[in-house]
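Chemist: what's the 3D shape of this:
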Amino acid sequence: MGVLRSIGEWFEHRLRLKDAMAQPLTHPVPRSSASWWYVFGSATLTTLILQLITGVCLAFVYVPSAADAWQSLEHLNYSQPLGWFLRGMHYWGSNFMVALITLHVIRVFLFGAYKYPRELTWIVGVLLLLLTLGMAFTGQVLRWDQDAYWGLGIGAAIAGRTPFIGPRLVHLLLGGPIIGGETLTRFFVSHVFLIPALLLALVGLHLLLVLKLGISEWPMPGRLVSRERYRAEYEALLEREGVPFFPAAAQRDLCFSGLVILAVVVCAAVFGPSGPKGPPDPTLIRTVPRPDFFFLSVFAALALLPPYLETFLLLTAPVVGIALLVALPFLSNTGERSFRRRPVAVLGVILIVLTLVALTEMGESSPWSPVMNAWSSLPTPPQYVKGRTPLELQGALLVQGKQCRNCHSLGGRGGQRGPALDDVATRLTRDQLIRQVLQGGGNMPAYGKHLSPPEVTALVAFLETMHPSSEPPEKAAPVPATPAAP
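Modeler: Numbering: from 1, shown residues only. Modelled structure (predicted):
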């Protein structure tokens, strides 16, 4: 003990940690804030630290390559000692982090803690909520399984519907016109470096604002917030009944954070990690992707909406919702804080929570119905459909609806993985086109199990028209006549 004390004193003389930590740990807080209702923020910070630790451990094994990512997770699940448990800790830590920060935002809203002078604290908290959801989405993509692949397709379809900049957003999201290795690299960098850096910076700013402005007191009915009197009243409250944050208030935070860690450990040990649910396969076009629980409500809402409402709500609902959250402390800056005298706020929270719970429940069984053609089904240039027969027009619709242009370009627009379709008829005969569609070859998967015979006939009929007017289509070599027997 003497040696450890000497080492500690050596570091203390040089770092002055006691002086640096004394003010944050012992700053006075209202006695009423030493309550179980105030523990969600510190518990969210605990799960963030847990995510950082488990994420660093996973990064030692995870291979951010389109060819090896899925196999590296399989290795963690079945070969690496306790690899499955580590992945389970990270997965359930993510779930708990989203749930806890949501509860924290709800508590702050119901307690009116976003009002003067804590407007900036609320805005930073909203940004932290959005970044947490971004971490959850990018983490799901890194599983690089069927759900991740088609979830990315859905996300790209949503981005592609943005007016004017839709194609640019898709290219920025995917790193190209199709889902590939560049896509995984971008999501890996975002999940491991970019979003955590922003999270840590905003967490530091959030804690600084809490220290400077103080923790809001329990909202008493009739105690109104006024710009002229609130600061003086808050200081008088601290003088009258303030207690040091540690240990008076922090003991509940530490206890609840310990329970959260225990719950994450139990869930990881009992339920294990999520996925991967099979390697990503673009040929499985009849698939039903399912996001993690925090996005199931969005999935169900899109699945149950009629198609003509999808684009409008996708482009307006998130923008309006985020704008309202950011503008809230300016729209309702002073006045009553107690939830007992704010029935509209309470009813609004209850309605939103019940809606999200119901949609999440429906998301477990709702069939997928949204149209995913905003990014993969670019409009076919008019010159390729002008004067075509009904059968050939049906084939053009199949090219557009079956996401062929994820990999093939037409009129200079589309994917670059496969050859352009503009002159495909000059390179392949009808029989070769049929065989290529049915059996695949090269980089192209086989679509024989996913297209009906009439669809194949229509598709090939359209592809046979893909040749310059000055160059005839490729024809099969005539079969030489068998000479007659002498």
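
Chemist: mind checking the SS state of the most centrally placed residue in the chain?
Modeler: When CA atoms, centre = their mean is applied to the chain, the residue found nearest the centroid is residue 137 (2.0 Å). Under DSSP: H, G, I helix; E, B strand; the rest coil, the three-state class of residue 137 is helix.

Chemist: cool, and residue 176?
Modeler: coil.

Chemist: was I right about it contacting residue 184?
Modeler: No: assessed by CB atoms under 8 Å, residue 176 is found out of contact with residue 184, at 11.5 Å. C-betas here are computed from N, CA, C, even on glycine.

Chemist: just to revisit the earlier point, skip the chain neighbours and tell me the closest residue to the residue nearest to the centre of the chain.
Modeler: With CB to CB, 6 or more residues apart in numbering as the criterion, residue 137 has its nearest non-adjacent residue at 7.0 Å, and that residue is residue 295.

Chemist: The one you found - that's part of a strand, no?
Modeler: No: counting by three-state DSSP, residue 295 is not part of a strand but helix.

Chemist: ok, it touching residue 139?
Modeler: No: between residue 295 and residue 139 there is no contact under CB under 8 Å: 11.6 Å.

Chemist: With neighbour numbers in mind, choose between these two.
Modeler: Counted by other CB atoms under 10 Å, residue 295 and residue 139 do not tie: residue 139 has more neighbours, with 23 against 20.

Chemist: residues touching the more buried one, list them.
Modeler: By CB atoms under 8 Å, 6 or more residues apart in numbering, the residues touching residue 139 are 90, 94, 191.

Chemist: at 10 Å instead, please
Modeler: 51, 55, 58, 90-91, 94, 148, 187, 190-192, 195, 274, 292 (CB atoms under 10 Å, 6 or more residues apart in numbering).

Chemist: Among those, which lie within helices?
Modeler: Taking DSSP state H as the definition of helices, the contacts of residue 139 contribute 51, 55, 58, 90, 91, 94, 148, 187, 195.

Chemist: now, which of these sits nearest residue 243?
Modeler: Using CB to CB, residue 51 is the member of those that lies nearest residue 243, at 31.0 Å.

Chemist: That closest one contacts residue 100, doesn't it?
Modeler: No: checked against CB atoms under 10 Å, the pair residue 51 and residue 100 is beyond contact range at 11.7 Å.

Chemist: intersection of neighbour lists for those two?
Modeler: With CB under 10 Å, 6+ apart as the test, residue 51 and residue 100 both reach residue 132.

Chemist: if we can go back for a sec, between residue 176 and residue 184, which has more neighbouring residues?
Modeler: More crowded of residue 176 and residue 184, by other CB under 10 Å: residue 184, with 25 against 16.

Chemist: Could I get the contacting residues of that one?
Modeler: 63-69, 141-142, 144, 148, 152, 174-175, 280.

Chemist: distance of it from residue 408?
Modeler: From residue 184 across to residue 408, the span is 22 Å (CB to CB, to the nearest Å).

Chemist: next one: the helix or strand where residue 53 lies to chain centre, how far?
Modeler: Element membership of residue 53, judged by DSSP states H and E, is helix 40-59. How far helix 40-59 lies from its chain's middle: 17 Å, per CA atoms, centre = their mean, to the nearest Å.

Chemist: top of the contacts of residue 139 by neighbour count?
Modeler: residue 148 (26 neighbours).

Chemist: What sits closest to it if chain neighbours are left out?
Modeler: Leaving aside its chain neighbours, residue 148 sits nearest to residue 141 (4.9 Å; criterion: CB to CB, 6+ apart).

Chemist: what's near enough to touch that neighbour?
Modeler: With CB under 10 Å, 6+ apart, residue 141 has these contacts: 69, 147-149, 151-152, 155, 179, 183-184, 186-188, 190-191.

Chemist: Same check on residue 352?
Modeler: Residues in contact with residue 352 (CB under 10 Å, 6+ apart) are 106, 321.

Chemist: And it, how far from residue 321?
Modeler: 10 Å.

Chemist: Likewise for residue 333?
Modeler: 20 Å.

Chemist: and residue 332, how many neighbours does it have?
Modeler: 17.

Chemist: So it sits against residue 114, correct?
Modeler: Yes: checked against CB under 10 Å, the pair residue 332 and residue 114 is within contact range at 7.9 Å.

Chemist: which stretches of this protein form strands?
Modeler: 28-30, 242-244, 409-410, 413-414 (DSSP state E).

Chemist: is it possible to export those strands to a markdown table including mean neighbour count?
Modeler: Output for the strands of the chain, formatted as a markdown table (neighbours: other CB atoms under 10 Å):
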| stretch | mean neighbour count |
| --- | --- |
| strand 28-30 | 20 |
| strand 242-244 | 17 |
| strand 409-410 | 20 |
| strand 413-414 | 17 |
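
Chemist: do you know which of the ones you listed lies nearest residue 18?
Modeler: strand 242-244 (14.8 Å).
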